[in-house]
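Undergrad: dropping the sequence and predicted coords here.
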Amino acid sequence: MTLLKRLFFVLIHKKPSSILKDFKTMTDEELVDKIGSSQNPLLFSTLYDRYSKKIYNKCYSFTKNEEEAKDLTQDVFLKLFTKLHTFKGNSKFSTWLYAFTYNFCINYLKRDPLRKMESLSDTIEKHEYHLFENEDVNDEQLFEIKVSKLEKILNTIDPEDKAILLLKYQDEISVKDLQVILNIGESAVKMRLKRAKIKVVQAHNKMKL
Amino acid sequence: MKENPFKNLETKKEAPKEIKDNIMKEIASIKLFMEFGDLFFIKYPSVIKSYFKSEK
């Protein structure tokens, strides 16, 4: 620990470990509020410790590459530090953070020219499918898909569709909360979910052929 | 109801240790930059402004 840091803790009559202990008992929302008012890096490191594993694995699920996931995680947390004030507490902090991460991953994938080419070829392929907008897919149908197949399918559909499905079924975020974090209406959330589910089920049916 | 396969998709990899070090270094630079910005573009101008006001 640097001399300046030690001096700071002596001046405020507190041991660094006791300060960290205080932070550790705080809820995410309290912690975010404190970071917003103090911009304290020590507080931000506590937030990092709480979510780094989760965010790293989320980034990995989009890139399928450890090096890229590492860089993405770093960029997500740096952007988070500067954008933390945009969290207004309308939803749980974790919910907001997961949506923030997925958005970051989607933008990253869209920027990558190689991946862009792949997604273009996907859209051409999509012409073979027939999207029945009025066809409904229930969760039971979705849950019948094996994990390995689902993973392959999710890597071929649009990252936006993948993100909304992960938010709903992996992070168990309600439609109501999805409305808040995506800033769209209930019917728009349901429509996006429905379209994403149809794409997954149709890709699965195509796999079976 | 069948088991939700989305739950089993999630990997449980540990985040590499160097990420935290890099982030904290970058944040220290961002903070320094922000503090300098605050000092030169907000605090100094307001001090100069109040000095000239009181001179009148």
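TA: Received, thanks. Numbering: from 1, shown residues only, chains lettered A, B, ... in the order given.
Undergrad: drop to CA atoms for contacts and neighbour counts, all remaining ones
TA: Fine.
Undergrad: how many residues are close by residue 27?
TA: Just so you know, I chose chain A. For residue A:27, the count of nearby residues is 12 (other Cα atoms under 10 Å in any protein chain shown).
Undergrad: wait, chain B was what I had in mind.
TA: Neighbour number of residue B:27 under other Cα under 10 Å is 20.
Undergrad: what is the mean pLDDT for the strand or helix carrying it?
TA: Element membership for residue B:27, per DSSP states H and E: helix B:17-38. Averaging pLDDT along helix B:17-38 yields 90.
Undergrad: then stretch A:168-180?
TA: What stretch A:168-180 shows for mean pLDDT is 95.
Undergrad: and the contacts of it?
TA: The contact list for stretch A:168-180 (Cα atoms under 8 Å, 6 or more residues apart in numbering or on different chains) reads A:90-91, A:95, A:167, A:185-186, A:189-190, B:4, B:6-7, B:10.
Undergrad: thinking again about what came up before, is any residue of the helix holding residue B:27 near chain A?
TA: Yes - judged by Cα under 8 Å from any Cα of the partner chain, helix B:17-38 comes into contact with chain A at B:19-20, B:22-24, B:26-28, B:31.
Undergrad: by neighbours, which of those wins?
TA: residue B:23 (22 neighbours).
Undergrad: surely that one touches residue A:76?
TA: No - taking contacts as Cα atoms under 8 Å, residue B:23 lies outside contact range of residue A:76: 9.9 Å.
Undergrad: would you mind listing what in chain A touches chain B?
TA: A:39, A:41, A:45, A:48, A:52-53, A:56-58, A:61, A:70, A:73-74, A:77-78, A:81, A:140, A:143-147, A:150-151, A:166, A:169-170.
Undergrad: restricted to helices, list the residues you listed.
TA: Judged by DSSP state H, those include A:41, A:45, A:48, A:52-53, A:56-58, A:61, A:70, A:73-74, A:77-78, A:81, A:140, A:143, A:147, A:150-151 as members of helices.
Undergrad: report the buried members of the residues you listed.
TA: A:41, A:45, A:48, A:52-53, A:56-58, A:61, A:70, A:73-74, A:77-78, A:81, A:143, A:147, A:150-151 (16 or more other Cα atoms under 10 Å in any protein chain shown).
Undergrad: worst-scoring helix or strand of chain A, pLDDT-wise?
TA: helix A:113-126 (a mean of 55; mean pLDDT, DSSP states H and E).
Undergrad: buried sites along the one helix or strand residue A:180 maps to?
TA: Element membership for residue A:180 (DSSP H and E) is helix A:175-182. Within helix A:175-182, the residues scored as buried using 16+ other Cα under 10 Å are A:175, A:177-179, A:181.
Undergrad: ok, and the most crowded of the contacts of stretch A:168-180?
TA: When neighbours are counted by other Cα under 10 Å, residue B:6 leads the contacts of stretch A:168-180 with 22 neighbours.
Undergrad: can you redo the residues of helix B:17-38 next to chain A as JSON lines with distance to residue A:103?
TA: Formatted as JSON lines, the residues of helix B:17-38 next to chain A follow (distance: Cα to Cα, whole Å):
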{"residue": "B:19", "distance to residue A:103": "20"}
{"residue": "B:20", "distance to residue A:103": "21"}
{"residue": "B:22", "distance to residue A:103": "22"}
{"residue": "B:23", "distance to residue A:103": "20"}
{"residue": "B:24", "distance to residue A:103": "23"}
{"residue": "B:26", "distance to residue A:103": "22"}
{"residue": "B:27", "distance to residue A:103": "21"}
{"residue": "B:28", "distance to residue A:103": "25"}
{"residue": "B:31", "distance to residue A:103": "25"}
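Undergrad: which two in the residues you listed are spaced the farthest apart?
TA: Taking every pair in these and measuring Cα to Cα, the maximum separation is 18.1 Å, between B:19 and B:31.
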